[in-house]
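Q: Quick one, what's the 3D model for this:
(one chain, ligands or ions: 1)
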Amino acid sequence: MVKYIAHIRQKQGLSPAADSQINTRIRTVSALEDLYMTCKEISGMIPAFFDDTLDNESLRVFLNHLDRCKTCREELEIQYLVIRVFNHMDAGGEVNLSRDLPAYIEQERRLLLKRERLAAAAGMMEIAAVITFVITCIIFMM
Ligand SMILES: [Zn+2]
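A: Have a look, this model is predicted:
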């Protein structure tokens, strides 16, 4: 959807004012896409969420959706219980849903923040490496 709008915008060569208006719209559409990513898609991501195999973008969308969708939070609770109860890892251990699940979600949220910061830092280092390379080239050509 966002790509489609960008495509149309490119084709029409709009004025800066119209452009910024469209940017605002695109942000709204993106937010709506996050929000209305279907509950079916979100609940399909739950096993990956517990396996900790979601990529940063998916994890962000997933957590945002959970913040706003009671249905998916309930689905998450059910799957969490199923995993905990049937997982031999937790044999004998009691499951405290109202304590353990929010703790797990919080842990994933912090993990996401950490990974996003790491990705940003890696990006900066890449840029620094390119700049160093360019400067070295310039020096050698002089
Ligand atoms: Zn939902």
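Q: could I have the helix or strand hosting Ser58 exported to CSV, CA atoms only?
A: For Ser58, the host element (DSSP states H and E) is helix 56-68. Provided in CSV are the C-alpha atoms of helix 56-68 (Å, rounded to 0.1, in the frame of the first residue of the first chain):
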residue,chain,number,x,y,z
ASN,A,56,12.9,-6.8,14.6
GLU,A,57,10.2,-5.4,12.3
SER,A,58,7.8,-8.3,12.9
LEU,A,59,8.4,-8.2,16.7
ARG,A,60,7.7,-4.4,16.7
VAL,A,61,4.4,-4.9,14.8
PHE,A,62,3.5,-7.8,17.0
LEU,A,63,4.1,-6.0,20.3
ASN,A,64,2.3,-2.9,19.0
HIS,A,65,-0.7,-5.0,18.0
LEU,A,66,-0.8,-6.7,21.4
ASP,A,67,-0.9,-3.3,23.1
ARG,A,68,-4.1,-2.6,21.3
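Q: and that helix, how far out from the chain's middle?
A: Centroid separation for helix 56-68 versus its chain: 6 Å, with C-alpha atoms, centre = their mean, to the nearest Å.
Q: Give me the buried positions along the very next helix or strand once past that helix.
A: Using DSSP H and E, the helix or strand that follows helix 56-68 in sequence is helix 70-86. For helix 70-86, a neighbour-count test (16 or more other C-beta atoms under 10 Å) marks Cys72, Glu75, Leu76, Tyr80, Ile83, Arg84 as buried. C-beta here means a position set from N, CA and C on the backbone, and glycine is covered the same way.
Q: show me the contacts for the fourth one.
A: Same thing as Tyr80. Applying C-beta atoms under 8 Å, 6 or more residues apart in numbering to Tyr80 gives the contacts Phe50, Leu97, Asp100, Leu101, Tyr104.
Q: quick one: it from Glu74, how far?
A: Going from Tyr80 to Glu74 by C-beta to C-beta, to the nearest Å gives 10 Å.
Q: Packing partners of the longest helix along the chain?
A: What stands out as the longest helix in the chain, according to DSSP state H, is helix 97-141. On a contact count with 3 or more C-beta pairs under 8 Å, 6 or more residues apart in numbering; DSSP states H and E, helix 97-141 meets helix 56-68, helix 70-86.
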